[in-house]
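1. coords below, sequence missing:
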């Protein structure tokens, strides 16, 4: 029942979040724009510190109070700007229409409450249900996320469950009120590899079953290839490339995207290639380069790259691909010199 | 399983009880002054003194004296007061009710106010309430209880004339009178505990409120009040339960000073009088019963902790 209608469910426009510190302003999210359509799985990819978590938490308005949004930042959800909602209205959306799962299920569940109670809390907050109805909903959810013997499990405490089970409980909790948007912040990072695959399959299946939109935040391109429809690549608080999964993996346009892909180890027998790394490290957020943030690490950078900042622009007329680079790569992963002349003004 | 845990904890109590009573018993005998001289007066003949010592069993080795005393104590017989001849057990339990009422109200003050200040300070960070809470938590912990008692008496009794400076009316006699007489001593006794609980719970709650599971609660649509009461408090109370248990013990010890200041006829006052009169049997009885009380409170603290934290395996 996946319905990919054309209007966006969530539309982020010029989202700009900053923290002022004694050493200066840090801008974890620098004027990013993207949208998520109903039923779509969008992946937000980037290294730690690229601003992906801050931008995701902005949707829930759960960032630390020190993080301020610049005026003009818009997060439209069903036509309402979430950044302007009253706290009470926002609370009605959280867990009800927009819900979230987090990285480490060990710490994301309350250690002193039974898991059944924690799932039921979401239901009770947003629906008028009797205790019996709440219990039935919880049992149903636990079954749905594949927890065996739910009747017994619901009276367990989090420490009595394995990591994978706990993440399943988190997912059950997030889906309790049949939300329209699920934000998954590194949902598999803290799990064993075999469990990771199970959780990803579960998210994919539940997505297909319910038609929910998913914003998946990850640093793992393997995860992206597995389940995402569309990918946003973030670097230093900015989106540097956007495209469908197929487009992106087949033909990365931004040197950073290419670097990320090259640094994923291949596990095939024939692969004899050395694992590549991106040279250098993420620049200090207090001393970002004047031009392109990636220029110091980019093998293709020219002098101009350090001078002028590239903006996210359409890469071709036929698709929605976008890239922020003066020298986007061509089909074979080489610099497209034609692009240079067309982009520089 | 829980029953086994209880049983094991109870067994731990026995050596604690034996060691503490032995120590207390020996220390009391080290107090300068001879009870027999105190009893018979300065002019008693040496023969009479020797006879009295024999009669009271004071010539036996300490361990024998302790063994005899313990054997009787197990049967509820703590001997008779050297001075009044009144059975010690009766005298102590008769006064215990008074001390209980005082300690209970003082714990209500320290736990109730401590929690109130800690929670409001976390809910309204950097507000006036937050600063008051932080100020109180430092001030309360640095003032000795007898000093607080005197300040309260000067202000509320002598200046404002609102509350009596001394005396005690039991709650069974007159409820209004009880609250009037118990308020100042209870506050003096509970001030330190309140300060410690405020500080401890505040820092514990602040830490818990930054935890991932509280963020999860917010992501479910939980309000701030609910996140504090439903998710933060129970986790934050875990380390504070121990503090409260210790505070109980301190309050029982503090009654010795506070009951003397406010002339409250409780066990604390009885202990002081027994020391002054060298009434050994009475003092041993009082101390034994207070020790048992503190041990019971520690026992309860352990159980409450285990009940609050499901991660504790018993």
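-> Great, that's in hand. The shown structure was predicted, so the numbers you read here are calculated from the model rather than taken from an experiment.

2. OK, contacts around residue A:314?
-> Counting by Cβ atoms under 8 Å, 6 or more residues apart in numbering or on different chains, residue A:314 makes contact with A:320, A:321, A:322. Just so you know, the C-beta spots here come from the backbone N, C-alpha and C atoms, and that holds for glycine as well.

3. in strands, which of the residues you listed fall?
-> Assignment to strands by DSSP state E places the following of those there: residue A:322.

4. low-confidence stretches in the stretch 151-300 of chain B?
-> Regions of the stretch 151-300 of chain B meeting the criterion pLDDT under 70 are absent.

5. mind running it again at 90?
-> Applying pLDDT under 90 to the stretch 151-300 of chain B flags the ranges B:161, B:164-175, B:275-285, B:287-293, B:299.

6. how about the residues of the stretch 101-250 of chain B near chain A?
-> Residues of the stretch 101-250 of chain B lying near chain A by Cβ under 8 Å from any Cβ of the partner chain: B:211-213, B:215-223, B:230-231, B:234-235.

7. re the thing from before, the contacts of residue A:314 into CSV, with extra columns for distance to chain B and neighbour count?
-> As requested, the contacts of residue A:314 are arranged in CSV below (distance: Cβ to the nearest Cβ, whole Å; neighbours: other Cβ atoms under 10 Å in any protein chain shown):
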residue, distance to chain B, neighbour count
A:320, 30, 12
A:321, 32, 18
A:322, 30, 21
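
8. related to what we said a few turns ago, from the residues of the stretch 101-250 of chain B next to chain A, keep the buried residues only.
-> Among those, those that count as buried by neighbour count (16 or more other Cβ atoms under 10 Å in any protein chain shown) are B:211-213, B:215-222, B:230-231, B:234-235.

9. just the residues of the stretch 101-250 of chain B next to chain A: which are in helices?
-> Using DSSP state H to define helices, the subset of these located there is B:212, B:213, B:215, B:216, B:217, B:218, B:219, B:234, B:235.

10. the third one and residue A:63 touch, don't they?
-> No - using Cβ atoms under 8 Å, residue B:215 makes no contact with residue A:63, being 10.2 Å away.

11. what residues do the two have in common as contacts?
-> What both residue B:215 and residue A:63 touch, as defined by Cβ under 8 Å, 6+ apart, is an empty set.

12. just checking, next helix/strand downstream of the helix or strand hosting residue A:99?
-> Taking DSSP states H and E as the criterion, the element that holds residue A:99 is strand A:98-101. Where DSSP H and E defines the elements, the next helix or strand beyond strand A:98-101 is helix A:105-108.

13. how many neighbours does the residue lying closest to residue B:184 once chain neighbours are set aside have?
-> For residue B:184, the nearest residue in space outside its immediate sequence neighbours is residue B:152; the separation is 4.8 Å by Cβ to Cβ, 6 or more residues apart in numbering or on different chains. Other residues near residue B:152 come to 20 when the count uses other Cβ atoms under 10 Å in any protein chain shown.

14. residue contacts, residue B:152?
-> Shown here is residue B:152, whose contacts under the criterion Cβ under 8 Å, 6+ apart are B:184, B:187, B:188.

15. in a markdown table: these, plus secondary structure, neighbour count and distance to residue A:326.
-> Formatted as a markdown table, the contacts of residue B:152 follow (DSSP: H, G, I helix; E, B strand; the rest coil; neighbours: other Cβ atoms under 10 Å in any protein chain shown; distance: Cβ to Cβ, whole Å):
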| residue | secondary structure | neighbour count | distance to residue A:326 |
| --- | --- | --- | --- |
| B:184 | helix | 25 | 79 |
| B:187 | helix | 21 | 73 |
| B:188 | helix | 27 | 76 |
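
16. now render those as JSON lines, adding distance to residue A:123.
-> Formatted as JSON lines, the contacts of residue B:152 follow (distance: Cβ to Cβ, whole Å):
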{"residue": "B:184", "distance to residue A:123": "50"}
{"residue": "B:187", "distance to residue A:123": "45"}
{"residue": "B:188", "distance to residue A:123": "49"}
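
17. ok, of the residues you listed, which one's closest to chain A?
-> For the contacts of residue B:152, the residue nearest chain A by Cβ to the nearest Cβ is residue B:187; the value is 32.2 Å.

18. contacts only, for the closest residue to that closest one other than its chain neighbours.
-> Spatial nearest neighbour of residue B:187, chain neighbours left out: residue B:109 (5.7 Å); criterion: Cβ to Cβ, 6+ apart. Contacts for residue B:109 were tallied using Cβ under 8 Å, 6+ apart; they are B:186, B:187, B:189, B:190, B:191, B:193, B:194.

19. from residue B:281, how far out is residue B:109?
-> Residue B:109 sits 34 Å away from residue B:281 when distances are taken as Cβ to Cβ, to the nearest Å.

20. and what of residue B:104?
-> Residue B:104 is 28 Å from residue B:281, where distance means Cβ to Cβ.

21. which one of these two is surrounded by more residues?
-> More neighbours sit around residue B:281 than around the other of residue B:104 and residue B:281, counting by other Cβ under 10 Å; the figures are 21 against 15.

22. what pLDDT does the model give the residue of the stretch 1-150 of chain B found nearest chain A?
-> For the stretch 1-150 of chain B, the residue closest to chain A is residue B:125, as judged by Cβ to the nearest Cβ, at 9.5 Å. Residue B:125 is assigned 90 on the pLDDT scale.

23. specify the local secondary structure of it.
-> Assigned by DSSP: H, G, I helix; E, B strand; the rest coil, the conformation of residue B:125 is coil.

24. residue ranges with poor pLDDT in the stretch 51-200 of chain A?
-> With pLDDT under 90 as the threshold, the stretch 51-200 of chain A has low-confidence stretches at A:51, A:64-66, A:71, A:78-79, A:103-106, A:188-198.

25. need the strands for it, in chain order.
-> Remark: strands assigned in the stretch 51-200 of chain A by DSSP state E, counting those that start in this stretch are A:68-69, A:74-77, A:80-81, A:98-101, A:181-185.

26. nearest to chain B, out of the ones you listed?
-> Evaluated over the strands of the stretch 51-200 of chain A, closeness to chain B peaks at strand A:98-101, with 4.3 Å, by Cβ to the nearest Cβ.

27. any idea how far the helix or strand hosting the residue nearest to residue B:187 is from the middle of the chain?
-> Residue B:109 is part of helix B:88-123 when elements are defined by DSSP H and E. Helix B:88-123 sits 8 Å away from the centroid of its parent chain (Cα atoms, centre = their mean, to the nearest Å).

28. flag every buried residue along it.
-> Within helix B:88-123, the residues that qualify as buried by neighbour count (16+ other Cβ under 10 Å) are B:88-89, B:91-92, B:95-96, B:98-99, B:101-103, B:105-107, B:109-111, B:113-115, B:117-123.

29. just the buried positions in the very next helix or strand once past it, please.
-> Downstream of helix B:88-123, the first helix or strand assigned by DSSP H and E is helix B:128-142. Of the residues in helix B:128-142, those buried by neighbour count under the rule 16+ other Cβ under 10 Å are B:129, B:130, B:133, B:136, B:137, B:140.
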